[in-house]
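**Q** Show me the folded form of this:
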Amino acid sequence: MITFTIKHKAQKARGATLKIGDTQIATPAFIPESTGLTLKATFTDKIPFPILYADIYRPMLRPGLEVLKEGGLKDFIGFKGLLFTGGGASELAKLAIEKGTYYKSREEALDYASYIDGSRKKLSPEVSIRLQKKMGADIFSGLYDFLAGDSLTRKKIGAAERRSERWTRRAWDVFKSELRGEKGRDKAFFAPITGGAASDIRTQSARFCIGLDTDGFLQTPAYKNEPRKAYMMTLATTTQLLPADKPCAVLGLKNEAEVVEAVRFGADIIIADFPVIDGMNGIIYKDGEKLSIKDEKYAADKTPFAEDYTLAYLHHLFAAGEILGLTLAVEHNLAYMNKLMSDLRDRIEKGTLS
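**A** As a prediction, the model looks like this:
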């Protein structure tokens with residue numbers, strides 16, 4: 001169980017405290033999205049957030065959840081905060097879109113191919129919850145149906161949303177029966193809201209999830225090639241339908257501007273991987289801009305970008321192929337996002353976020 005207490009409001013944005021067990025998180029909050037068992041190029045003690053997001057798909061195949069044992073993922077990687085777990089769909093869909101990995105939704109379960117050896121496997125809503133339990137999750141989310149192909153139609157999106165409803169109910173039933181009660185008092189379940197940028201379909205999904213009376217909600221990503229503007233407008237509309245006393249997380253935003261927009265329409269938790277991906281590609285954030293540090297114009301730039309380091313030094317590290325460059329860039333971007341969220345919370349408290 002969790003408690004969610006709203007302390008300040010500015011228009012539709014809200015500043016709140018999310019408490020799970022002994023851990024309190026000030027919201028709106030940013031949560032980095034890990035790939036596999038860690039954030040790329042980052043030491044866990046350098047993650048400036050009290051919570052980490054990890055989808056179950058990669059860890060359940062490599063190294064296998066039996067390796068984690070009782071301590072779960074957090075003990076395995078040395079992370080001291082909370083763990084928000086994905087049910088498997090988002091990572092499976094990414095691989096299907098980017099690499100053509102086999103992925104097919106059936107009523108009973110998802111059929112998919114391992115990204116390691118191509119072997120065929122199944123993942124059901126019930127198994128997904130039990131695997132998240134093995135991961136040591138604090139916040140669970142339901143397995144949802146996600147279309148990975150290019151030929152999206154309203155019929156397909158609607159069918160995927162209805163299947164997601166059935167899967168979410170099954171996952172919620174397992175969570176209630178196996179994780180509620182004394183042993184699960186500090187665990188939470190977020191129901192996934194699906195439908196891409198189709199406003200009426202996502203609205204139907206939101207209303208269904210509201211009816212389940214779960215602990216919170218997870219707004220799932222847009223489908224491939226959907227217009228970002230339409231998707232963000234649909235997110236705003238459906239987020240405003242949700243109960244004010246429950247937290248709403250958003251998965252899959254692409255940049256800083258979308259994060260700020262989501263906070264303005266009432267999102268409480270932002271889960272995204274773009275700061276890590278950008279850092280790995282030599283892109284760092286400074287004063288609301290993206291700097292491509294590989295550009296030759298930074299070769300002699302003595303402007304500081306972090307304590308004791310200059311843009312020229314970071315440029316050199318990337319030019320020389322030094323691994324330290326990746327680490328510094330990623331850690332800088334994560335610190336930037338942490339500061340951004342702190343500033344947004346401050347503006348909400350002062351009533352200056354419009």
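
**Q** Please give the number of neighbouring residues around residue 292.
**A** Residue 292 sits with 14 neighbouring residues when counted by other C-beta atoms under 10 Å. Just so you know, the C-beta spots here come from the backbone N, C-alpha and C atoms, and that holds for glycine as well.

**Q** ok, it touching residue 282?
**A** Yes - the pair residue 292 and residue 282 passes the contact test of C-beta atoms under 8 Å, sitting 6.2 Å apart.

**Q** now what about stretch 144-158, what contacts it?
**A** The contact list for stretch 144-158 (C-beta atoms under 8 Å, 6 or more residues apart in numbering) reads 87, 89-90, 92-93, 96-97, 103, 105, 110, 160-161, 163-164, 167-168, 192, 194-196, 198, 201, 220-221, 223-226.

**Q** got it, and stretch 345-354?
**A** With contacts defined as C-beta under 8 Å, 6+ apart, stretch 345-354 is touched by 7-11, 13-15, 26-28, 263-264, 344.

**Q** and what of stretch 113-121?
**A** With C-beta under 8 Å, 6+ apart, stretch 113-121 has contacts from 58, 61, 62, 95, 99, 101, 102, 103, 111, 112.

**Q** And that stretch, end to end?
**A** For stretch 113-121, the first-to-last residue distance is 6 Å (C-alpha to C-alpha, to the nearest Å).

**Q** Could you give the separation of it from the chain centroid?
**A** Relative to the centre of its chain, stretch 113-121 is centred 24 Å away, using C-alpha atoms, centre = their mean, to the nearest Å.

**Q** Quick one: low-confidence residue ranges for this protein.
**A** Within the chain, the stretches with pLDDT under 70 are 1, 36, 70, 181-184.

**Q** can you pull out the helices in it?
**A** 57-61, 72-77, 89-99, 125-135, 154-179, 199-212, 228-239, 256-264, 274-280, 311-319, 323-350 (DSSP state H).

**Q** what does the third one contact?
**A** So that's helix 89-99. By C-beta under 8 Å, 6+ apart, the list of residues contacting helix 89-99 reads 55-58, 101-103, 110, 112, 115, 123, 143-148, 192, 220-221, 224, 251-252.

**Q** buried set for it?
**A** Residues 89, 90, 91, 92, 93, 94, 95, 96, 97 are the ones in helix 89-99 that count as buried (16 or more other C-beta atoms under 10 Å).

**Q** Out of the contacts of stretch 113-121, which comes closest to residue 339?
**A** Lowest distance from residue 339 to the contacts of stretch 113-121 (C-beta to C-beta) belongs to residue 58, with 29.3 Å.

**Q** hang on, residue 129 packs against residue 171?
**A** Yes - in terms of C-beta under 8 Å, residue 129 counts as a neighbour of residue 171; the distance is 5.2 Å.

**Q** shared neighbours of those two, which are they?
**A** 87, 140, 142.

**Q** between those residues, which is nearest residue 76?
**A** Taking C-beta to C-beta as the measure, residue 76 lies nearest residue 140 of the shared contacts of residue 129 and residue 171, at 18.1 Å.

**Q** quick check: domain ranges of the chain?
**A** 3-272, 282-346 (automatic domain parsing).

**Q** Buried deepest among those, which one?
**A** domain 3-272 (a mean of 19; mean count of other C-beta atoms under 10 Å).

**Q** From the centroid of this structure, which residue is nearest?
**A** Computing the C-alpha centroid of the chain and ranking residues by C-alpha atoms, centre = their mean puts residue 271 first, at 2.9 Å.

**Q** and it, bridged to which residues?
**A** For residue 271, the beta-bridge partners are residue 31, residue 251 (DSSP bridges).

**Q** surely it meets residue 251?
**A** Yes - in terms of C-beta under 8 Å, residue 271 counts as a neighbour of residue 251; the distance is 4.6 Å.

**Q** tell me the contacts of residue 19?
**A** Residue 19 is in contact with 2, 3, 4, 5, 25, counting by C-beta under 8 Å, 6+ apart.

**Q** Can you give me every residue that contacts residue 189?
**A** 139, 140, 141, 142, 171, 172, 175, 179, 214, 215, 216.

**Q** check contacts around the fourth one.
**A** Applying C-beta under 8 Å, 6+ apart to residue 142 gives the contacts 87, 125, 128-129, 164, 167-168, 171-172, 189-192.

**Q** Now tabulate the helices of the chain in JSON lines and tack on distance to residue 304.
**A** Formatted as JSON lines, these follow (distance: least, C-beta to C-beta, whole Å):
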{"stretch": "helix 57-61", "distance to residue 304": "36"}
{"stretch": "helix 72-77", "distance to residue 304": "30"}
{"stretch": "helix 89-99", "distance to residue 304": "35"}
{"stretch": "helix 125-135", "distance to residue 304": "39"}
{"stretch": "helix 154-179", "distance to residue 304": "47"}
{"stretch": "helix 199-212", "distance to residue 304": "44"}
{"stretch": "helix 228-239", "distance to residue 304": "33"}
{"stretch": "helix 256-264", "distance to residue 304": "20"}
{"stretch": "helix 274-280", "distance to residue 304": "17"}
{"stretch": "helix 311-319", "distance to residue 304": "8"}
{"stretch": "helix 323-350", "distance to residue 304": "11"}
